[in-house]
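# Generate a structure from the sequence data that follows.
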Amino acid sequence: MGILEKLAILLLLSSAAFATDVAILQNGFSIRHEHKQVVGSITRLYTTADNSAFVDIPTADIDHFEQDLTPAPVAVPTPIAAPAPNVPRAPVVAIAKPKPLDAKALNEVINSISDRHQIDPDFINSVIHAESGFNSRAVSPKGARGLMQLMPQTANQLGVNNSFDPKDNVEGGTRYLRELLEQYNFDIVKALAAYNAGPQRVQQYHGVPPYYETRAYIARIIREFNKKKLEEKKAAAAKNTGTKSTKKPLAKPGTAALTSETVASTPSRQSLR
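Predicted coordinates:
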């Protein structure tokens, strides 16, 4: 076999290694994956070639599949960090308890922050629901706090003075989510995996880490977000035909689904909270 033939085979194999598809959901939401498998009413999208990471999506929520024409990312070596020194913990400072927000006021806060960071408010609501169930005083066993469950170190890097203040927490959490979306080139599955398990885990496993909690977390947010968008479409269609709708729109008019056009690098976040 000549040199040219060998080079041709190597090029063919390298291009095949990066061959991926994109699942386009009913609301325009897209998920990159290596390959798929239909399991009953669920389509399992494998986000790694070795099947170590996947996300389950109801097949009815998938509109169609497309070939991913995005250029393959160039691997950048990551420097090995030196062990963290034993730094004494900062003293705990008492923070005044913020005034709680009712559902209407919280919705206004989320809408305002979503406009500032160009992320669909329904997507933010879905993340908050999965993280804390809208409990602004929630604290996880790992120490994550507030509506969007910010770890103290992450909150500090984001400039959040009080994670139990709904406005500060949602502002910091949404900004962090935006940064993760930009970091992963708007691969929403990876961004959610990093938000839940930490960017270092996504890097370690080259995608969604093999944690049941993380996979269930991603699937829950995507399923809830899809449901909201489909209900909005039905409400809009009913309004356009002059038919009364029994469902109230879940987001302000004109808000589009989160796409690759809504777009940072990100502070570190500890693993499962």
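# contacts and neighbour counts: CA atoms only from here.
Will do.
# Just the helices from the stretch 1-150 of the chain, written as ranges.
For the stretch 1-150 of the chain, helices defined by DSSP state H, counting those that start in this stretch occupy the ranges 3-17, 103-117, 121-132.
# In terms of secondary structure, what does the shortest one contact?
In this structure, helix 121-132 makes packing contacts with helix 103-117, helix 212-240, judged by 3 or more Cα pairs under 8 Å, 6 or more residues apart in numbering; DSSP states H and E.
# Swap in 10 Å and give it another go.
Applying 3 or more Cα pairs under 10 Å, 6 or more residues apart in numbering; DSSP states H and E, we find helix 121-132 packed against helix 103-117, helix 166-183, helix 188-197, helix 212-240.
# highest average neighbour count across those helices?
Mean neighbours per residue, mean count of other Cα atoms under 10 Å, is largest over the helices and strands packed on helix 121-132 for helix 188-197, with a mean of 25.
# Show the subsequent helix or strand relative to that one.
For helix 188-197, the following helix or strand on the C-terminal side (DSSP states H and E) is helix 199-205.
# Return the set of buried residues in that following helix.
By neighbour count with 16 or more other Cα atoms under 10 Å, helix 199-205 contains the buried residues P199, R201, V202.
# Tell me, how many residues neighbour H64?
H64: 12 surrounding residues under other Cα atoms under 10 Å.
# quick one: contacts for it?
V22, A23, I24, L25, Q26, S30 (Cα atoms under 10 Å, 6 or more residues apart in numbering).
# partner residues bridging the nearest residue to the last one once chain neighbours are set aside?
The spatial neighbour of S30 that comes closest, neighbours along the chain excluded (Cα to Cα, 6 or more residues apart in numbering), is I24 at 4.6 Å. In this structure, I24 bridges to S30, H64 when assessed by DSSP bridges.
# For I24, list the residues it contacts.
Each residue near I24 by Cα under 10 Å, 6+ apart is listed here: S30, I31, R32, D61, I62, D63, H64, F65, E66.
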